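Student: Here's a sequence, model it:
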Amino acid sequence: MIFIAHRGNINGPNIERENTEEYILEALYKGYDCEIDLWVIDDILYLGHDDPMYKTSKEFILNNSNNLWIHCKNHEALQYLINTDTNYFYHDKDNYTITSKNVIWGNINSEIINNMICVMPEKYIQYINKSQLLKCIGICTDYINCYV
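Tutor: Here you go, the predicted model:
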């Protein structure tokens, strides 16, 4: 099972720190993968969920790429990563998308299917039983410590 810290969060949302390089590295050093939100504007890379908030670098992305799940937040980010060996994806309201590494990434409330990454299962756990999570190859959540 792959355990993915959503924006670097491991024990619940931390709005002030999520999607910052330091916070992401803390989660990576603890052995988790991280989902991050990437924007590219005028060839400058930014991290941030709703908006581009924190400048980052290509080096940061590439140096940590083995453990990053990069959610491209605009088409410029998608185009920027297209010729890299990073694991990235783009989606908005789709139930599922496929990452560049051919992994099924579910959206919140997506039906559990085999071999997917389940995103925020705690948001709809009342509709599924925990054994269904065993169909997944990974979980991405703000509360990843609860699933380890």
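Student: Select the longest strand from this structure.
Tutor: Longest strand in the chain, counting residues (DSSP state E): strand 33-41.
Student: State the number of residues packed around the residue nearest to residue 20 when sequence neighbours are not counted.
Tutor: Nearest non-adjacent residue to residue 20, counting by C-beta to C-beta, 6 or more residues apart in numbering: residue 54, 5.4 Å away. All C-beta atoms are positioned from the backbone trio N, CA, C, and that covers glycine. Neighbour count of residue 54, defined by other C-beta atoms under 10 Å: 15.
Student: Can you list the buried residues in the longest strand of the chain?
Tutor: 33, 34, 35, 36, 37, 38, 39, 40 (16 or more other C-beta atoms under 10 Å).
Student: which residues touch residue 68?
Tutor: 24, 33, 34, 35, 36, 61, 86, 87 (C-beta atoms under 8 Å, 6 or more residues apart in numbering).
Student: Export those residues as a markdown table, with columns for distance to residue 18 and pLDDT.
Tutor: Listed next are the contacts of residue 68 as a markdown table, based on distance: C-beta to C-beta, whole Å; pLDDT from 0 to 100:
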| residue | distance to residue 18 | pLDDT |
| --- | --- | --- |
| 24 | 9 | 98 |
| 33 | 15 | 98 |
| 34 | 10 | 98 |
| 35 | 10 | 98 |
| 36 | 9 | 98 |
| 61 | 17 | 98 |
| 86 | 20 | 98 |
| 87 | 19 | 98 |
